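In: Here is the input, now give the coordinates:
(chains A and B)
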Amino acid sequence: MSGGAVAGAETRGHRGRAGVPAPRRAPRTRRERLEARAGWALVSPSIVLVAVFILFPLGFCVYISLTNWPLIGPYHFIGLANYTALPHNSVFLQSIVFTLEYTGIVTIPILVFGYLLAVFVRSNRPGASIFRTCVFLPYIVGLTTLSFLAEVELQPGYGTVNVVLAKLHLASINTIWVQNANLALVAICVLVVWLASGFTMMLLLAGMQGIPEQLYESADVDGATWWEKERMVTIPLLRRSIALSLIISVVGSVLAFNQFYIITDGGPGTSTVSLVMEIYETFNTAMHVGAASAMAVVLVVVVGLITFVQFRILRSDDV
Amino acid sequence: MSEVVAPARRRGERSHRVGGRRRQTGTVFYVTAGCLISAIFVVPLLWEVLRSFEPTQEITSPPSLAIFSHLGIENYRSLLVGSDDVVRNVVNSLVVSLATALLTTVIATLAGYGFGRFRFRGSGVVFAVVLVGFMVPFQAVLTPLFLELHDLHLLNSLVGLWLFYTAFNLPFGIYIMRNTFAQVPDEIVDAARVDGASVLATLTRVLRAIVMPGIATSFLFAFLFAWTEFLGALTFLTSSSVYTLPVALSNVETGTTYGGVNFGYLTAGAVIAMVPCVIVYAALQRFYVRGLLSGAVKG
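Out: Reported below is the predicted structural model:
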């Protein structure tokens, strides 16, 4: 970048041109040329990284999925064979069903608990901001770390979960959670809801900041109850935040890996293999590169569609 | 947070006029409930910190009050100064996380400056392409990335992991930084121009104070992502010398290292993994909320 020469390049900032349509012509003046050059120079490092490590792998993934790619040796195009084989891959189908089941179980509790927690900590009473931080702490610590700890605490005979449940006469101290697909799913869902509710809380709290206080005051004047205020004021105005937190939580659940890999390793058998874990196993263990790529393309389409909706919601709010 | 606090206080004062005692009872009730709710989220974490000071034979026997007399730093000593130590893994994780946060922040700041304040043909298209990057879950492209990194000789390398983490944190960072720059008042940029500052000089000197919150936000999110990321590191790293902490812990968990499963080590290692998250979050908390407000967050 030629430092001083570009001195006046940004005379016309983004805001100053608000409402002026972008020119659909080559830049004519010297200043416009310099501005364009500086702009490209600034964004190019990011373009290179995104292109090399996100977009190229994405295209490569589609390409590989159309071949019988071996780890060593030549490959051949086999058309859509990897895709047409997917409906006959029982573990893959099972992983999709399991991932959807898991997503279906955790999504609503995360939203409901997250919402109730947000309502609780949005108060100005003493301690509210401390409570906020406390509730958010498990999310900050992260699912990977907590999955390791959950693994320890779910051990039969001495894991804290079993010890506490046994003291409450709710379960045997020797419960082997990971030996039963349903028990394992229950344990992991409780862990995830506990962890993710704090995140939804923060997201909804951020949205609640945008609601004008006058609306609550006039509701007070009308003698509205707490629930009426939530139903008539908070929830309608929080629609965008609620939609976003739902999308983020659903995408996160669809991409679940750590908790299943660490706590159950997909077991017993393959009953708790999530979709991402099945892709990982297909590549890393079975080394079926083409099949793993075809599964990944399916995943990209699903997650891409959900995320696209997220951006449409963001966009519509800008107006 | 202040916006939500200030008006609510007005409400509180009014009810104070109506009935001070009721308000006081309400506060007591609120704080009590808040402590109970917080306990649900914090006590398990504190319990694990306590557990990490128990020797393995205590962790693996039913807890009794006697355990508190056996607390010690054995696990930490074995983990941090043993022959098979995880110090290296902690350092690997720290280096990769800090490097990811730094590179993401620098590149996203430059790009945000370019997208937010410069007009050039194709800018909209390029920005849309960056947002496409946002829609690609990294979990889905690990297979092609594995082959690509292999050809680039970046497999089993912290540099490869660093570039991979940076790339996937960029779309969010750029989104944040573009919005930050777009909100800078024109007068400030114009004033810098009058003073004859170059493009980079304007960025570093004049805009620094204004764009600092955006920078802190993208730094925080990138750091937390890289520190806790597991699947990518598990896929791309194959020799124990380059393992990041989560991968090293998964080997402790499966008994690959330390000659068998050692839950004492695992618990202590997990507690070590918690520490940087808590510190970084505590230091940059308000920027986290800022990031959430942008709405373009990945779970």
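In: can you pull the buried residues of stretch B:175-195?
Out: B:175-178, B:180-181, B:184, B:186, B:189-190, B:192-193 (16 or more other C-beta atoms under 10 Å in any protein chain shown). In this view, the C-beta of every residue, glycine as well, is placed from N, C-alpha and C.
In: Does the lengthiest helix in chain A reach chain B?
Out: Criterion DSSP state H: the longest helix present in chain A is helix A:90-121. Yes - looking at helix A:90-121 against chain B by C-beta under 8 Å from any C-beta of the partner chain, the contacts come from A:117, A:120-121.
In: Give me the residue ranges of chain B where confidence is low.
Out: For chain B, residues meeting the criterion pLDDT under 70 lie at B:1-19, B:63-68, B:82-84, B:259, B:295-299.
In: I'd like to know how far residue B:261 sits from residue A:261.
Out: 16 Å (C-beta to C-beta, to the nearest Å).
In: Looking at the two, which is more packed in?
Out: In this view residue B:261 and residue A:261 are compared by other C-beta atoms under 10 Å in any protein chain shown, and residue A:261 has more residues nearby, 23 against 18.
In: Tell me who's in contact with that one.
Out: A:277, A:280, B:230-231, B:234, B:250 (C-beta atoms under 8 Å, 6 or more residues apart in numbering or on different chains).
In: which SS class is it?
Out: Following DSSP: H, G, I helix; E, B strand; the rest coil, the label given to residue A:261 is helix.
In: Now name the helix or strand holding the residue nearest the centre of chain B.
Out: Closest residue to the average C-alpha location of chain B: residue B:224 at 1.4 Å, with C-alpha atoms, centre = their mean. Using DSSP states H and E, residue B:224 falls within helix B:208-228.
In: and residue 31, how many neighbours?
Out: Answering for chain A, as no chain was given. Counted with other C-beta under 10 Å, residue A:31 comes out at 15.
In: wrong one, I was asking about chain B
Out: 16.
In: do the same with residue B:28
Out: Neighbours around residue B:28, by other C-beta under 10 Å: 12.
In: Does anything pack onto the helix or strand encompassing it? Which helices or strands?
Out: In the assignment (DSSP H and E), residue B:28 maps to helix B:20-51. Using 3 or more C-beta pairs under 8 Å, 6 or more residues apart in numbering or on different chains; DSSP states H and E, the elements in contact with helix B:20-51 are helix A:90-121, helix A:128-141, helix A:181-208, helix B:2-18, helix B:263-294.
In: okay if I get those as a markdown table plus mean neighbour count and distance to residue A:215?
Out: Below are the helices and strands packed on helix B:20-51 laid out as a markdown table (neighbours: other C-beta atoms under 10 Å in any protein chain shown; distance: least, C-beta to C-beta, whole Å):
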| stretch | mean neighbour count | distance to residue A:215 |
| --- | --- | --- |
| helix A:90-121 | 19 | 15 |
| helix A:128-141 | 22 | 20 |
| helix A:181-208 | 22 | 12 |
| helix B:2-18 | 12 | 11 |
| helix B:263-294 | 20 | 19 |
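In: can you list those helices in a markdown table and add distance to residue B:96?
Out: Output for those, formatted as a markdown table (distance: least, C-beta to C-beta, whole Å):
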| stretch | distance to residue B:96 |
| --- | --- |
| helix A:90-121 | 29 |
| helix A:128-141 | 18 |
| helix A:181-208 | 23 |
| helix B:2-18 | 35 |
| helix B:263-294 | 12 |
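In: For stretch A:119-135, output the C-alpha coordinates as PDB.
Out: The C-alpha trace of stretch A:119-135 is given here as PDB (Å, rounded to 0.1, in the frame of the first residue of the first chain):
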ATOM      1  CA  VAL A 119     -36.200 -12.600  32.800                       C
ATOM      2  CA  PHE A 120     -34.700 -13.300  36.200                       C
ATOM      3  CA  VAL A 121     -31.300 -11.600  35.700                       C
ATOM      4  CA  ARG A 122     -32.600  -8.600  33.700                       C
ATOM      5  CA  SER A 123     -33.700  -7.100  37.000                       C
ATOM      6  CA  ASN A 124     -31.800  -4.200  38.600                       C
ATOM      7  CA  ARG A 125     -32.000  -5.800  42.000                       C
ATOM      8  CA  PRO A 126     -28.800  -6.400  43.900                       C
ATOM      9  CA  GLY A 127     -26.700  -9.300  42.600                       C
ATOM     10  CA  ALA A 128     -28.400  -9.600  39.200                       C
ATOM     11  CA  SER A 129     -25.200  -9.100  37.200                       C
ATOM     12  CA  ILE A 130     -23.300 -11.600  39.500                       C
ATOM     13  CA  PHE A 131     -26.100 -14.200  39.000                       C
ATOM     14  CA  ARG A 132     -25.900 -13.500  35.200                       C
ATOM     15  CA  THR A 133     -22.100 -14.300  35.200                       C
ATOM     16  CA  CYS A 134     -22.600 -17.400  37.400                       C
ATOM     17  CA  VAL A 135     -25.300 -18.900  35.100                       C
END
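In: Next up, phi/psi of residue A:173, please.
Out: phi -70, psi -20 (degrees, to the nearest 10).
In: ok, now which ones touch it?
Out: A:156-157, A:162-163, A:165-166, B:62.
In: Could I have the ChimeraX command that selects the buried members from the residues you listed?
Out: Per 16+ other C-beta under 10 Å, the buried members of those correspond to this ChimeraX selection:
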select /A:162,163,166
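In: If we only consider the contacts of residue A:173, which is nearest to residue A:217?
Out: residue A:165 (46.8 Å; C-beta to C-beta).
In: Not counting residues beside it along the chain, what's closest to that closest one?
Out: Excluding the flanking residues, the one nearest residue A:165 by C-beta to C-beta, 6 or more residues apart in numbering or on different chains is residue A:171, at 4.0 Å.
In: pretty sure that neighbour contacts residue A:162?
Out: Yes - using C-beta atoms under 8 Å, residue A:171 makes contact with residue A:162 at a distance of 6.8 Å.
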